[in-house]
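Asks: Quick check, what structure comes out for this input:
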Amino acid sequence: MNFKLGATSNLARAGKIFTEHGEIETPMFMPVGTQASVKAVRIDQLNEVNAQIILGNTYHLYLRPGTNVIEKFGGLHKFMNWKKPILTDSGGYQVFSLSEKRKIFNNGVEFISHLDGSKHFFTPTSVIDIERSLGSDIMMVLDECPPFPCDEKYIKKSVEMTIRWASESKKYFLETENKYNHKQQLFGIVQGGVYKNFRIECAKKIIDLDFNGNAIGGLAIGEPADVMYEVLDYTIPELPKEKVRYVMGVGTPENLVECISRGADIFDCVLPTRNARNGQLFTKNGKLNIRNAKYSKDENAIDSSCNCFTCKNHSRGYLRHLFNSKELLAYNLATTHNLHFYISLMKEARQNILQNNFLDWKKTFLSNLNKNRN
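Replies: Presented below is the predicted three-dimensional model:
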């Protein structure tokens with residue numbers, strides 16, 4: 001068993017995921033380390049903010065530095081000197097985001113490298129090979145993330161292909177072995193756009209393939225938040241209670257809390273790191289745009305309730321100065337704060353689930369979140 005459910009509070013869940021690189025307490029947020037690096041943050045700082053697992057990107061790592069380089073180092077863990085778990089996506093999201101540079105076929109995806117224009121082809125089995133070379137603890141199957149909005153005809157074809165690719169991935173996964181003497185897990189992905197019938201159909205077929213865990217993809221790509229929550233309301237109940245539930249690419253602090261309240265366990269998103277580099281910081285009272293002139297002489301910490309390195313050592317005024325001076329330190333301080341906020345939010349949610357107080361906590365948290373609109 002790779003997941004143990006510890007407690008519930010209404011639909012919210014607290015559990016543990018077991019990997020050979022360590023246990024992961026859920027609910028949990030994964031910092032995105034696209035190219036074997038969480039942008040602007042050192043490995044020791046990821047440990048300081050209590051990151052339990054990070055996400056690597058199969059598409060980008062395949063192109064640069066390449067699987068031959070990563071294999072030479074003994075896998076992604078050793079290459080980047082990260083001793084905790086790693087999850088790798090399949091490149092399926094790049095099928096969506098790089099739509100001008102790819103063609104989808106029944107047996108895989110042809111894409112043109114954004115680096116040098118060279119052509120490459122991903123199949124369900126070749127992606128498994130790449131992720132075996134990376135050596136991640138959790139591997140994702142190749143899927144197609146359809147755009148929003150999208151008509152039913154396209155979604156029907158997309159779901160059929162995603163299910164077929166998932167089946168091929170699982171079969172090949174069982175036929176291959178890991179390269180670095182630690183067990184790898186394979187997760188399936190439920191697609192289906194915003195159509196209930198296709199989501200439920202896809203969920204049932206993915207569950208039948210008996211993956212180690214199950215993900216819900218194709219959300220937070222432009223649809224309104226209430227539509228995303230509606231999709232989760234009818235999709236999550238289809239997923240087995242005894243396995244991990246991963247909502248991919250989500251999202252804002254509010255999104256995370258709402259997803260947890262519907263029974264989701266793990267998440268990833270570039271928002272805390274990307275927004276940090278643009279000077280947007282997350283606090284319990286909402287977002288703070290540190291470039292604003294009103295912070296130039298502000299001696300307060302970003303968030304007085306936060307005990308991250310940035311908040312304990314630097315003022316809003318100093319951080320604003322760094323951004324306006326284009327000092328690289330600004331990216332590091334802002335990013336470590338945002339990651340600390342996200343990961344601490346997951347820990348706080350977990351504590352309230354364990355105390356069976358999640359809904360009351362959620363109500364208070366959300367009421368405070370938008371107080372600081374600037």
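
Asks: what are the ranges of the strands in the stretch 201-350 of the chain?
Replies: 213-216, 244-247, 266-268, 280-283, 286-289 (DSSP state E, counting those that start in this stretch).

Asks: should've said the stretch 51-200 of the chain
Replies: Going by DSSP E, counting those that start in this stretch, the stretch 51-200 of the chain shows strands at 54-56, 86-88, 102-105, 108-112, 119-122, 138-140, 185-190.

Asks: what residues does the last one touch?
Replies: If I follow you right, that is strand 185-190. With C-beta atoms under 8 Å, 6 or more residues apart in numbering as the test, strand 185-190 has contacts from 2, 19, 90, 92, 128, 137-141, 143, 162, 166, 169-170, 173, 199, 202-203, 206-207, 209, 211-217, 235, 238-239, 244, 246, 248. Where C-beta positions appear, they are placed from N, C-alpha and C, glycine not excepted.

Asks: Adjacent strands (with direction) for it?
Replies: strand 138-140 (parallel), strand 213-216 (parallel) (DSSP bridges).

Asks: re the thing from before, got CSV for the strands of the stretch 51-200 of the chain, with mean neighbour count and distance to Asn255 too?
Replies: Listed next are the strands of the stretch 51-200 of the chain as CSV, based on neighbours: other C-beta atoms under 10 Å; distance: least, C-beta to C-beta, whole Å:
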stretch, mean neighbour count, distance to Asn255
strand 54-56, 26, 17
strand 86-88, 25, 19
strand 102-105, 14, 27
strand 108-112, 18, 28
strand 119-122, 15, 28
strand 138-140, 27, 20
strand 185-190, 26, 18
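
Asks: closest to Ile290 out of those strands?
Replies: In terms of C-beta to C-beta, the element of these nearest to Ile290 is strand 54-56, at 25.0 Å.

Asks: now that closest one, how far from the chain's geometric center?
Replies: Taking C-alpha atoms, centre = their mean, to the nearest Å, one finds the center of strand 54-56 at 8 Å from the center of the full chain.

Asks: now swap in stretch 211-228 and tell me
Replies: On C-alpha atoms, centre = their mean, the centre of stretch 211-228 falls 11 Å from that of its chain.

Asks: Can you give me the end-to-end span of it?
Replies: End-to-end span of stretch 211-228 (C-alpha to C-alpha, to the nearest Å): 24 Å.

Asks: cool, stretch 235-242 as well?
Replies: Start-to-end, stretch 235-242 (C-alpha to C-alpha) is 15 Å.
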